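Participant: Just a sequence and a predicted model for now, questions to come.
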Amino acid sequence: MDVQRFRAAWILPVDGDPIPDGTIEIDASGRIAALHDKVDPRATDLGRVAILPGLVNAHTHLEFSDIESPLEPPEPFTDWIRSVVKNRRGRATNGDDAVRSGLAESIRAGTTLLGEIATNDNSAKLAQTPGPLVVAFFELIGLQSDQAERQMEIALRHLQQPTDSDSGGIIPAISPHAPYSVHPELFVRLVKLATQQRCPLAIHLAETQAELELLDRSTGPFVDLLTEFGVWHDGILPVGGRPLWYLQQMAELQRGLVIHGNYLSDEEVVFLAAHENLTVVYCPRTHAYFRHDSHPWLQLLDRGARVAVGTDSRASNPDLSVWRELCFLRNRHAKVDPRKLLELGTICGARAMGLQEQTGSLTVGKRADMTVVRLPAAGDSNPYSNLLRLENEIAGTLCGGQWAHRTI
Ligand SMILES: [Zn+2]
């Protein structure tokens with residue numbers, strides 16, 4: 001690859017001030033070599049666009065990317081899970097086509113790093129160059145004690161894959177699915193494994209009121225669901241459980257992702273604020289689809305906790321666009337600084353997965369992972385004020401300095 005230089009109406013590095021009429025220089029290895037506002041006749045002028053760091057989708061399940069529209073019904077949640085399980089069981093193929101189409105869709109949406117919940121090792125083989133970095137969180141499920149050994153073996157085998165985060169590709173990680181599908185003892189063992197291996201761990205946590213009821217009293221709709229699946233018996237879970245217990249186990253992880261966290265208590269918010277290694281992944285449009293109570297993301301940010309953004313899957317979201325998630329938040333929360341929103345969709349997601357030294361901002365030495373967004377014709381002295389709008393098209397995606405998508 002030759003040295004490349006691009007000029008744009010705005011460059012928004014995220015970790016520094018916006019650069020009007022900026023030029024970004026990418027070296028032959030696909031890393032950012034310079035950012036400046038000096039006119040360089042060698043630069044390709046991309047015109048009235050903003051160059052942003054590549055967007056980060058901190059939580060998705062690409063295996064469901066062939067679903068046209070979110071699965072019904074959104075409520076009760078346990079019925080939605082029944083629909084998901086039915087969809088997975090009724091699949092004619094091994095899901096590779098869906099993963100491939102989800103990756104392609106993500107690239108078109110400007111995403112250059114994904115936190116993908118993987119259910120087999122195929123997503124590793126499907127990663128492409130140029131393409132996004134994929135942190136493959138292998139999904140582990142085991143409520144019954146006789147499932148534990150097998151799940152530990154699967155986790156270990158997944159983590160022993162070669163990792164190649166510098167030249168693109170897959171970074172192995174694990175995801176004990178949720179408190180209702182993973183026994184607390186297995187969860188503790190998986191956390192220990194992730195801590196030893198220094199890999200990220202993600203869990204769906206505090207997602208529904210029904211989950212809180214199950215943990216606290218071993219009652220409610222999850223008991224019916226788990227009985228139906230043949231994995232429930234009285235006393236299988238200790239009573240008096242809370243999401244806080246799961247967070248406490250995660251305290252020693254190098255990186256832990258709390259997926260959703262829709263119903264975190266004040267005490268849990270305070271705990272998260274005190275643990276820099278933990279990030280809550282808010283999936284705004286999925287959250288809205290399920291008509292949950294308002295999400296505590298602003299409270300988490302106010303307290304100094306870390307929040308990133310994810311789309312979740314097409315089983316609960318019409319598409320896989322982090323850009324659309326950010327526009328959605330901008331629309332509903334006009335008072336939140338749009339610069340902060342862009343951070344949630346870039347550097348915060350990279351940090352959540354431990355990749356903040358490689359990507360997530362336009363910083364000299366990092367991978368040239370970039371999203372190019374068309375700007376409205378009228379100029380603005382503040383590039384953020386009109387940035388997060390649905391009509392601003394993603395005109396290009398560069399992964400490690402190579403165009404993976406380009407309409408410009
Ligand atoms: Zn999920």
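Facilitator: Received it, and whenever you're ready, just let me know what you need.
Participant: List the pairing partners of the helix or strand residue 58 falls within within its sheet, with orientation.
Facilitator: Residue 58 is part of strand 55-60, with elements assigned from DSSP states H and E. For strand 55-60, the paired strands and their directions (DSSP bridges) are strand 111-118 (parallel).
Participant: can I get the CA coordinates of the strand it pairs with in PDB?
Facilitator: This file holds the C-alpha atoms of strand 111-118, laid out as PDB (Å, rounded to 0.1, in the frame of the first residue of the first chain):
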ATOM      1  CA  THR A 111     -18.400   0.000  11.200                       C
ATOM      2  CA  THR A 112     -14.800  -1.000  11.600                       C
ATOM      3  CA  LEU A 113     -14.900  -2.900  14.900                       C
ATOM      4  CA  LEU A 114     -17.500  -5.400  16.000                       C
ATOM      5  CA  GLY A 115     -18.200  -7.100  19.300                       C
ATOM      6  CA  GLU A 116     -19.800 -10.200  17.800                       C
ATOM      7  CA  ILE A 117     -21.500 -13.000  19.800                       C
ATOM      8  CA  ALA A 118     -20.300 -16.100  17.900                       C
END
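Participant: Quick one: mean pLDDT over that strand.
Facilitator: For strand 111-118, the mean per-residue pLDDT is 96.
Participant: gap between it and the chain center?
Facilitator: Here the centre of strand 111-118 is set off from its chain's centre by 6 Å, with CA atoms, centre = their mean, to the nearest Å.
Participant: which outside residues touch the strand holding residue 58?
Facilitator: Residues outside strand 55-60 that contact it (CB atoms under 8 Å, 6 or more residues apart in numbering): 102, 106, 109-117, 202, 257, 259, 279, 281, 283, 308-313, 320, 322-323, 326, 345-350, 352-353, 359-360, 371. C-beta here means a position set from N, CA and C on the backbone, and glycine is covered the same way.
Participant: what comes up buried for stretch 316-332?
Facilitator: Residues 316-317, 319-330 are the ones in stretch 316-332 that count as buried (16 or more other CB atoms under 10 Å).
Participant: Oops, could you answer that again for stretch 35-51 instead?
Facilitator: Buried positions in stretch 35-51, judged by neighbour count with 16+ other CB under 10 Å: 35, 43, 46, 49-51.
Participant: Between those, which sits nearest residue 171?
Facilitator: Proximity of the buried residues of stretch 35-51 to residue 171 (CB to CB) peaks at residue 51, which lies at 24.7 Å.
Participant: In this structure the closest one contacts residue 23, no?
Facilitator: No. The pair residue 51 / residue 23 is not scored as a contact, 9.7 Å apart, by CB atoms under 8 Å.
Participant: Now list whatever residues contact both of those two.
Facilitator: Residues touching both residue 51 and residue 23 by CB under 8 Å, 6+ apart: 6, 11.
Participant: quick one: the strands in the stretch 251-400 of the chain?
Facilitator: Under the criterion DSSP state E, counting those that start in this stretch, strands of the stretch 251-400 of the chain are mapped to 256-260, 278-282, 306-309, 370-374, 394-399.
Participant: Include distance to residue 247 and mean neighbour count when you put the ones you listed into CSV, please.
Facilitator: Below are the strands of the stretch 251-400 of the chain laid out as CSV (distance: least, CB to CB, whole Å; neighbours: other CB atoms under 10 Å):
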stretch, distance to residue 247, mean neighbour count
strand 256-260, 7, 27
strand 278-282, 7, 27
strand 306-309, 13, 26
strand 370-374, 32, 24
strand 394-399, 33, 24
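Participant: Tell me the pLDDT of residue 124.
Facilitator: We have a pLDDT of 63 for residue 124.
Participant: Kindly report the same for residue 317.
Facilitator: Residue 317 is assigned 95 on the pLDDT scale.
Participant: Spit out the contact partners of it.
Facilitator: 70, 283, 285-286, 289, 311.
Participant: what's the answer for residue 18, then?
Facilitator: Residue 18 sits in contact with 10-12, 383-384, where contact means CB under 8 Å, 6+ apart.
Participant: Residue 303 now?
Facilitator: Per CB under 8 Å, 6+ apart, neighbours of residue 303: 269-270, 272-273.
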